[in-house]
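A.B. asks: I'll drop the sequence and a predicted model, then ask my questions.
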Amino acid sequence: MKIATLSGVNMISMNVFSKTSGFRMTSHALERSQQRCIPPLIIHWLCQYGSRRRNSNGTILCYFDRKSLRLVSSDVGNIVIRRLSGLFNAYLIIAGDNIVTVGHRYRRIKNF
């Protein structure tokens, strides 16, 4: 059985991800997550625990803040959080039920 891959990402794991999180990843999001070294686990945690803010264009920005990191820490433990601390600056953009893109924050997200 041949497993279809897109930019080195296992499509079977992405199909399982879409069933558990409720969001489908676009091909652009798959490509960007691979290019920017954001693993599916972090994307899953963003969907499950991340804070959400509506953008002016109708999309939703999902990111980690202190509150969401505390929630992740209470479920998986502080050691895991410390080991993966470099990945918690990730964000994703959701439009409808699709994850449009994934990236790393380099500027502060301002909360009003």
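C.D. replies: Sure thing, it's come through.
A.B. asks: please enumerate the helices of the protein.
C.D. replies: With DSSP state H applied, the chain shows helices at 11-21, 27-35, 40-49, 66-76, 78-83, listed in chain order.
A.B. asks: for the residue nearest to the spatial centre of the chain, give me the pLDDT.
C.D. replies: Taking C-alpha atoms, centre = their mean as the criterion, residue 43 is the residue nearest the geometric centre of the chain, at 2.4 Å. According to the prediction, residue 43 has pLDDT 92.
A.B. asks: pretty sure it contacts residue 91?
C.D. replies: No. Using C-beta atoms under 8 Å, residue 43 is not in contact with residue 91, being 10.2 Å away. Where you see a C-beta, it was placed from the backbone N, CA and C, and this is true even at glycine.
A.B. asks: closest one to residue 98 among the helices of the chain?
C.D. replies: Closest approach to residue 98 among these is made by helix 27-35 (7.8 Å; C-beta to C-beta).
A.B. asks: re earlier: deepest-packed of the helices of the chain, please.
C.D. replies: helix 40-49 (a mean of 19; mean count of other C-beta atoms under 10 Å).
A.B. asks: where does pLDDT dip in this protein?
C.D. replies: 1-21, 108, 110-112 (pLDDT under 70).
A.B. asks: need the helices of the chain in CSV with distance to residue 109, can you?
C.D. replies: Converted to CSV, the helices of the chain look like this (distance: least, C-beta to C-beta, whole Å):
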stretch, distance to residue 109
helix 11-21, 21
helix 27-35, 18
helix 40-49, 13
helix 66-76, 12
helix 78-83, 19
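A.B. asks: what's the closest of those to residue 57?
C.D. replies: With distances scored as C-beta to C-beta, the stretch of the helices of the chain nearest to residue 57 is helix 27-35 (15.8 Å).
A.B. asks: what's the closest one packed up against?
C.D. replies: With contacts taken as 3 or more C-beta pairs under 8 Å, 6 or more residues apart in numbering; DSSP states H and E, helix 27-35 sits against strand 5-6, strand 9-10, strand 98-104.
A.B. asks: neighbouring strands for the longest one, and are they parallel or not?
C.D. replies: The pairing partners recorded for strand 98-104 under DSSP bridges are strand 24-25 (parallel), strand 90-95 (antiparallel).
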